[in-house]
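> sequence below, structure please.
(one chain, ligands or ions: 1)
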Amino acid sequence: MTKVIVLGGGIAGLATAISLQREGIEVHVYEKTRELKPVGAGIMIAANATRIFNEWGLTNALKAKGHLLQQLLILSEKGKVLSALNPNPQPDQTIAIHRADLHQILMDELHATPVSLGKKAVHVLQEPKSVTVAFEDGTVAEADYAIGADGIHSAVRQQILPHVKNRYAGYTCWRGVAVCKDLKLGSHLHEIWGPEGRFGYMPLSSSKVYWYILMNTAPNHKELSALTVHDLSKKLQAYPAIVGDILKHAHEQPLIHHDVYDIPLMDHYAFGRIALVGDAAHAMTPNLGQGACQGIEDAYVLGKCLAESLEYGLQNYENHRLQRVNRICKIAKQVGVMSQFDSPLLCAIRNTVMRAASPSLLRNQTRYIYEYTY
Ligand SMILES: Cc1cc2nc3c(=O)[nH]c(=O)nc-3n(C[C@H](O)[C@H](O)[C@H](O)COP(=O)(O)OP(=O)(O)OC[C@H]3O[C@@H](n4cnc5c(N)ncnc54)[C@H](O)[C@@H]3O)c2cc1C
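Residues are numbered from 1 along each chain as shown. The predicted structure follows:
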């Protein structure tokens, strides 16, 4: 029986293991941390990924834990609607969910697959008929193929492509969850774009909301790292009242802060018996909410390609994925540039252009992203 090692137990690694398990391939996941603790608060799972979860029989679990999103609304700092998108090619396909719940759903599905914790891969040796992974604790594991699902700082990628370096996007990010029983949260993802930065929020339930803030700055800015929710709220006090209302309820939950990075567009995801999936292959800026969704697509396509041909499976996976993923990475970067304008003049010009933009142009782009099928 073909055996595959998946290195990394994030969303892409767990989804890859599910996809391979479904194709009857023996999988073993190795994760470096001793406890699976997803980093971040909420996440949007868009239609292109929920369609895959639906085929895997997981959408009921996602819907039970998450919250359906009807629209993606972008507003100016004065509260004017700049753009309104329907991300659902079919009803009820976009789900906001807490990352911990998503991880649990994926783990529960891995009934037939071992997940070993505390296993940090340090080297992958490729031989003509096998791969051997060496772990930091001195142990090794052997299989037919190894999949690097070890995130943006991927050790697997660094070993194969040491020249690929992470790039700072120019902005830093705070994220958290707020419990706001007294607020009407609705069923939309909102982003408010203004010169002071970007504020986004999406309901995780009728009383819980995932929020995030992105602000332009130099990397590793010490003063910004020390900001509290109260400080952030003061910085955005000119924004619509909902911003302060949400942040007022955010104090009791953990505040997550980190700078935003991506990696350059890649030419390859497959290297003989090794392939990369998820952020290890294509860490992108978070501006489309597609990083994890693309990792889920990777997982699905990799499973199908290996089931169709063991010999050419990894190469076929790369052929199917490269062009689409690179295009989505480029769009994400462009949206990041536009959404992070901090000059009032540029913001005013952008807002005018956005409000005048042809709905069909936006529709074509959303279709490309959300209506994917393999
Ligand atoms: C602010 C922000 C908001 C985002 N919002 C969204 C969104 O709404 N929707 C969306 O689709 N995406 C979103 N993303 C992107 C998404 O979070 C990532 O694309 C996704 O989590 C990547 O998953 P992954 O499994 O590839 O990597 P990771 O989540 O980084 O997982 C990698 C795993 O590998 C393990 N690991 C690392 N090194 C080793 C090693 N040497 N050996 C073994 N294990 C190792 C790590 O411990 C980790 O568990 C967002 C990103 C950011 C920054």
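> what helix or strand is residue 176 located in?
strand 167-179 (DSSP states H and E).
> CA-only coordinates of that strand in CSV, if you can.
The C-alpha coordinates for strand 167-179 follow below in CSV (Å, rounded to 0.1, in the frame of the first residue of the first chain):
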residue,chain,number,x,y,z
ARG,A,167,8.5,39.1,2.4
TYR,A,168,7.0,41.6,4.8
ALA,A,169,3.7,42.9,3.4
GLY,A,170,4.0,46.4,4.9
TYR,A,171,1.3,46.0,7.5
THR,A,172,0.7,44.5,10.9
CYS,A,173,-2.3,42.7,12.2
TRP,A,174,-4.3,42.3,15.4
ARG,A,175,-7.0,39.7,15.7
GLY,A,176,-9.5,38.6,18.4
VAL,A,177,-13.0,37.5,19.3
ALA,A,178,-15.5,39.6,21.1
VAL,A,179,-18.6,38.4,22.9
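> give the other helices and strands that it contacts.
strand 208-216, strand 256-262, helix 313-339 (3 or more CB pairs under 8 Å, 6 or more residues apart in numbering; DSSP states H and E). Every C-beta, even on glycine, is put in place using the N, C-alpha and C of the backbone.
> export those as CSV, with columns for distance to the ligand and mean pLDDT.
Formatted as CSV, those follow (distance: least, CB to the nearest ligand atom, whole Å; pLDDT from 0 to 100):
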stretch, distance to the ligand, mean pLDDT
strand 208-216, 6, 97
strand 256-262, 6, 97
helix 313-339, 10, 98
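> out of the ones you listed, flag the one nearest residue 246.
Within the helices and strands packed on strand 167-179, the stretch nearest residue 246 is strand 208-216; the backing value is 5.3 Å (CB to CB).
> on that earlier part again, what strands line up against the strand holding residue 176, and which way round?
strand 208-216 (antiparallel), strand 256-262 (antiparallel) (DSSP bridges).
> the worst-scoring helix or strand of the chain on mean pLDDT vs the ligand: in contact?
Scoring the helices and strands of the chain by mean pLDDT, DSSP states H and E places helix 359-370 at the bottom, with a mean of 87. No: figure legend: helix 359-370 not in contact with the ligand (CB under 6 Å from any ligand atom); closest approach 10.8 Å.
> what's in contact with that helix?
Under the contact criterion CB atoms under 8 Å, 6 or more residues apart in numbering, helix 359-370 has outside partners 46-48, 83, 85-89, 93, 288, 290, 327-328, 331.
> what does the stretch 51-200 of the chain put close to the ligand?
Where proximity means CB under 6 Å from any ligand atom, the interface of the stretch 51-200 of the chain facing the ligand comprises 120, 121, 149, 150, 151, 155, 173, 175.
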